[in-house]
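A.B. asks: When you get a sec, could you give me coordinates for this:
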Amino acid sequence: MPKCNRPDCGFEGQPSTFKGSPSLYHDFVCPKCGTTDIDTTDVYEAWLDWGKTYSYGKGNTLDTSEEKT
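C.D. replies: This next block holds a predicted model:
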């Protein structure tokens with residue numbers, strides 16, 4: 001489950017409980033504190049299990065590099 005990295009918040013929940021980001025560069029916004037500093041490791045790993053690449057990686061930041069693995 002995604003989790004907010006802010007020590008004073010720590011909100012954790014299913015992806016659907018997070019707000020979508022109005023910015024292209026982040027996927028989730030914490031519904032409790034509004035930060036985009038979200039640990040998305042579980043989402044990233046679930047996508048790998050499906051044979052797909054989650055473009056926002058483990059840190060909720062869009063990978064804009066040319067090289068994809």
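A.B. asks: What helices and strands are in contact with the helix or strand bottoming out on mean pLDDT in the chain?
C.D. replies: Ranked by mean pLDDT, DSSP states H and E, the weakest helix or strand in the chain is strand 19-20, scoring a mean of 94. Packing partners of strand 19-20 (3 or more C-beta pairs under 8 Å, 6 or more residues apart in numbering; DSSP states H and E): strand 28-29. C-beta coordinates here come from the backbone N, C-alpha and C atoms, glycine included.
A.B. asks: which residues of the protein fall in helices?
C.D. replies: For the chain, the helices defined by DSSP state H occupy 41-49.
A.B. asks: how about low-confidence regions in it?
C.D. replies: Residue ranges of the chain with pLDDT under 70: 67-69.
A.B. asks: Mind listing the strands the least confident helix or strand of the chain pairs with, and their directions?
C.D. replies: Strands adjacent to strand 19-20 in the sheet, as given by DSSP bridges, are strand 28-29 (antiparallel).
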